[in-house]
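In: Got a predicted structure here, sequence first:
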Amino acid sequence: SQQGEEDPQALSIQEGENATMNCSYKTSINNLQWYRQNSGRGLVHLILIRSNEREKHSGRLRVTLDTSKKSSSLLITASRAADTASYFCATDDTDKLIFGTGTRLQVFP
Amino acid sequence: DTGVSQNPRHKITKRGQNVTFRCDPISEHNRLYWYRQTLGQGPEFLTYFQNEAQLEKSRLLSDRFSAERPKGSFSTLEIQRTEQGDSAMYLCASSLVGTGDEQYFGPGTRLTVT
């Protein structure tokens, strides 16, 4: 079963623009992770934020976490065509990951 | 570090046949996970191992599914009497306990049951 939902389901932007995607989850967590998946391939870990953190940065990525609202957001700044992919949030549940439904991001050159 | 590898990458089989997939984790990783992903959805947890012990199985893992990790290294996932509903991408991931919660995923095996 899926833990939660990503919003929007799909997002199309131009290169150079920022992309924001949101994730909501249902249960309490120890951490929340974001993964990227290129078409038909495996997932690549992007960033992990722990439940006692509110914001984290990694290169062009910024992740926020609001445990009171059970939500997280991923911001990709200055997007590139190579950022085109599906993005999933995942929460931990006794050592396994529970994934959301994903946001499909299309970045046009 | 050659990453997580999975074989085969694609498998087409007829309904009722048995299939077996293999996953080779990152060599020093002691945890190995199997997930299933259908089109347009996120991965769903199936089972995981710590070393050779299978610690948890999802209710998604019916009696037709069996997973092994006999020597605590590679793992196999077998599906018996395949059904069309088994068509999906099967993903393997590995991690090292105590180094954080990040999981490293393989490229997946895409199963098509005709």
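Out: Everything's here; your move. Numbering: from 1, shown residues only, chains lettered A, B, ... in the order given.
In: Report how many residues lie close to B:E44.
Out: Counted with other C-beta atoms under 10 Å in any protein chain shown, residues neighbouring B:E44 total 19. Where C-beta positions appear, they are placed from N, C-alpha and C, glycine not excepted.
In: ditto for B:L111
Out: B:L111: 20 surrounding residues under other C-beta under 10 Å.
In: Surely it and B:S87 touch.
Out: Yes. In this structure B:L111 lies within contact range of B:S87 using C-beta atoms under 8 Å: 5.8 Å.
In: and chain A, which residues reach chain B?
Out: A:1-2, A:30-31, A:33, A:35, A:40-45, A:48, A:88, A:90, A:92, A:94-102 (C-beta under 8 Å from any C-beta of the partner chain).
In: Bridge partners for the residue positioned nearest the centre of chain B, pull those for me.
Out: Nearest residue to the geometric centre of chain B (C-alpha atoms, centre = their mean): B:W34, 3.3 Å. Taking DSSP bridges as the rule, B:W34 bridges to B:T47, B:C92.
In: List the contacts of it.
Out: B:23, B:45-48, B:67, B:75, B:77, B:90-92 (C-beta atoms under 8 Å, 6 or more residues apart in numbering or on different chains).
In: State the distance from it to A:L32.
Out: Taking C-beta to C-beta, to the nearest Å as the measure, B:W34 falls 22 Å from A:L32.
In: Repeat that for B:F105.
Out: Distance from B:F105 to A:L32, by C-beta to C-beta: 17 Å.
In: Name the residues of stretch A:20-36 that are buried.
Out: By 16 or more other C-beta atoms under 10 Å in any protein chain shown, the buried positions in stretch A:20-36 come out as A:20-25, A:29, A:31-36.
In: Same list (those residues) but as TSV, adding pLDDT.
Out: Shown next, in TSV, are these (pLDDT from 0 to 100):
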residue	pLDDT
A:T20	97
A:M21	97
A:N22	96
A:C23	94
A:S24	94
A:Y25	92
A:I29	89
A:N31	91
A:L32	93
A:Q33	94
A:W34	96
A:Y35	96
A:R36	96
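In: of all the residues you listed, which comes closest to chain B?
Out: Ranked by distance to chain B (C-beta to the nearest C-beta), the buried residues of stretch A:20-36 are led by A:N31 at 5.6 Å.
In: Pretty sure B:D101 is one of the things that closest one touches, is it not?
Out: Yes. Under the criterion of C-beta under 8 Å, A:N31 makes contact with B:D101 at 5.6 Å.
In: And residue 49, which helix or strand is it part of?
Out: Just so you know, I chose chain A. strand A:43-50 (DSSP states H and E).
In: sorry, should have said chain B
Out: strand B:44-50.
In: residues making contact with that strand?
Out: Counting by C-beta under 8 Å, 6+ apart, A:1-2, A:95-99, B:30-37, B:54-58, B:60-61, B:65, B:67, B:69, B:72, B:75, B:77, B:97 sit against strand B:44-50.
In: ok, now which ones touch the single nearest residue of chain A relative to chain B?
Out: Nearest to chain B, among the residues of chain A, is A:F99, at 3.3 Å (C-beta to the nearest C-beta). The contact partners of A:F99, by C-beta under 8 Å, 6+ apart, come to A:2-3, A:35, A:88-90, B:35, B:42-44.
In: pLDDT below threshold where in the chain?
Out: Since no chain was named, I'll use chain A. Residues of chain A meeting the criterion pLDDT under 70: A:1-4.
In: wait, I meant chain B there
Out: Counting by pLDDT under 70, chain B has low-confidence residues at B:1.
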